[in-house]
Structures are given as C-alpha cells and as structure tokens.
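**Student:** just need the structure, nothing else, for what follows:
(one chain, ligands or ions: 1)
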Amino acid sequence: MLVGDSGVGKTCLLVRFKDGAFLAGTFISTVGIDFRNKVVDVDGAKVKLQMWDTAGQERFRSVTHAYYRDAHALLLLYDVTNKSSFDNIQAWLTEIQEHAQRDVVLMLLGNKVDSAQERVVRKEDGEKLAKEYGLPFMETSAKTGLNVDLAFTAIAKELKQRSMKAPSEPRFRLHDYVRREGRVASCCRP
Ligand SMILES: Nc1nc2c(ncn2[C@@H]2O[C@H](COP(=O)(O)OP(=O)(O)OP(=O)(O)O)[C@@H](O)[C@H]2O)c(=O)[nH]1
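**Tutor:** The predicted model follows:
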C-alpha cells in the first residue's frame, strides 16, 4: 500500500513500476483507493504484488484507514520538493501505528529527486529521519524511474522471505517506531 500526502507521487510511482511510464501533465488526485497487480521475479520465484494506491487527501482518510489492517507492506512517500510532505511523515507514522499490523513491512521514500532545482528536503534529512525510526530509505523518481524497481523489489523480497519461514525478527518493521510511540504521539495528523 502506498501512503503519503496528496501530490507526493504515489500514483506515478505505481504506474512507473507497473507500466514503465510516467504520467506527465495534469495532476489527477486519486479518489479513495485503487489497486494494480504485478508479478515480479524474486530469486527465481514468482511473487504477485497487489499494490494499493491510496488518496493522500485528508477527506479520504477514513477510507484508507480500513485498508491498513490487511496491508503486508507500506511505502510511505514524501516529496523532496515539498517540505510539509516531509514534516508530515511523523504524523503518517502515527497513523500507521494506529491502523496497520504491528509487523508491517515499511519503507520510507523521498520522491521527485529529478527536480533538483526545486529540492527543499536534503537526502541527509531523509536518511536521518529513516534512521531515527529504523526504516529502510530510498530516494526515487517516478519521472526517471530512479530506484523505483529497486524499492518494490526489496519489498517483494522481504515478503517472500517472510512467507517462507517462521516469523523471526523481520528486517523492516515498526519495532523501533513503536518503542518511540510516546515521543511522536503528540504530533499533528496529516
Ligand atoms: N518531477 C516529478 N514529478 C512527479 C514525480 N512523481 C509525480 N510527479 C508529479 O506530481 C504530481 C502528483 O503526482 P501523483 O502521483 O498523482 O500524486 P499522488 O501522491 O498519487 O496524489 P494523491 O492521489 O492526491 O494522493 C503529478 O503532477 C505528477 O506528474 C516525480 O518523480 N518527479
């Protein structure tokens, strides 16, 4: 499931991964929720990813809440050209902690890195935040395709590994975040 503020590029990232294309031009905000499937090869095995694209707009929040519970993995996006989308990440983590499974696979992505001139969130800031919450992190571009396959494949690999063995300590999880729950509980919801 892809989550994050409206306009960070969730739909574009999904379309880039699924079809290898970029939706340039008019921004059409997702209404509610949508999904796309893609079968990927992970170490010789076929993994079917059902990818849910959520609406970032606040008015659809109650719709997306209902889907968190069944999500095995979450890609949490911000836009490197939009500071408030980055500032809202903590609030998204609070949301995730409230509605998602405790051991959900979670990855933080800073999207739109192709827009170098407009960048306002440094890579180091993204890395620092990710480290703070024990999350894997990548910078991506739905426009150029940078790291898009890599991010989805990393998720697919993790999910495959989990499905094949008894749950031990997963690599990607909310564990560190949950431990800090008290610290972020007071922040604003996006
Ligand atoms: N330059 C650049 N623009 C992007 C990128 N990804 C998305 N965009 C643009 O950002 C705008 C919003 O993209 P969407 O994918 O619709 O955003 P969203 O997060 O799905 O938005 P909601 O559906 O409202 O939650 C569109 O105009 C896209 O063309 C990117 O990697 N680089």
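
**Student:** what pLDDT is listed against the residue positioned nearest the centre of the chain?
**Tutor:** Nearest residue to the geometric centre of the chain (CA atoms, centre = their mean): Leu75, 1.6 Å. Listed pLDDT for Leu75 reads 97.

**Student:** before we move on, what SS does it have?
**Tutor:** Counting by DSSP: H, G, I helix; E, B strand; the rest coil, the backbone at Leu75 sits in strand.

**Student:** what bridges to it?
**Tutor:** With DSSP bridges as the criterion, Leu75 is bridged to Leu2, Met107.

**Student:** distance of it relative to the ligand?
**Tutor:** Distance check for Leu75 against the ligand: by CB to the nearest ligand atom, to the nearest Å, it reads 11 Å. Just so you know, the C-beta spots here come from the backbone N, C-alpha and C atoms, and that holds for glycine as well.

**Student:** quick check: that residue touching Val148?
**Tutor:** No: taking CB atoms under 8 Å as the definition, Leu75 is not a contact partner of Val148, at 10.3 Å.

**Student:** any chance you could list what contacts the longest helix along the chain?
**Tutor:** Secondary structure of the chain per DSSP state H: the longest helix is helix 148-164. With CB atoms under 8 Å, 6 or more residues apart in numbering as the test, helix 148-164 has contacts from 13, 16-17, 38, 40, 42-43, 45, 47, 49, 51, 72-73, 75, 105, 107, 109, 136, 138, 140-142, 170-172.

**Student:** what number of residues lie near Glu158?
**Tutor:** For Glu158, the count of nearby residues is 20 (other CB atoms under 10 Å).

**Student:** let me fix that, I meant to ask about Arg69.
**Tutor:** 10.

**Student:** check contacts around it.
**Tutor:** By CB under 8 Å, 6+ apart, the residues touching Arg69 are 99-101.

**Student:** ok, what's across the strand from the nearest residue to Lys131 once chain neighbours are set aside?
**Tutor:** Of all residues not flanking Lys131 in the chain, Phe137 sits nearest, at 7.9 Å (CB to CB, 6 or more residues apart in numbering). Beta-bridge partners recorded for Phe137 (DSSP bridges): Leu108.

**Student:** near the ligand, which residues of this protein?
**Tutor:** Contact residues, the chain versus the ligand (CB under 6 Å from any ligand atom): 6-12, 23-24, 27, 29-30, 55-57, 111-112, 114-115, 141-143.
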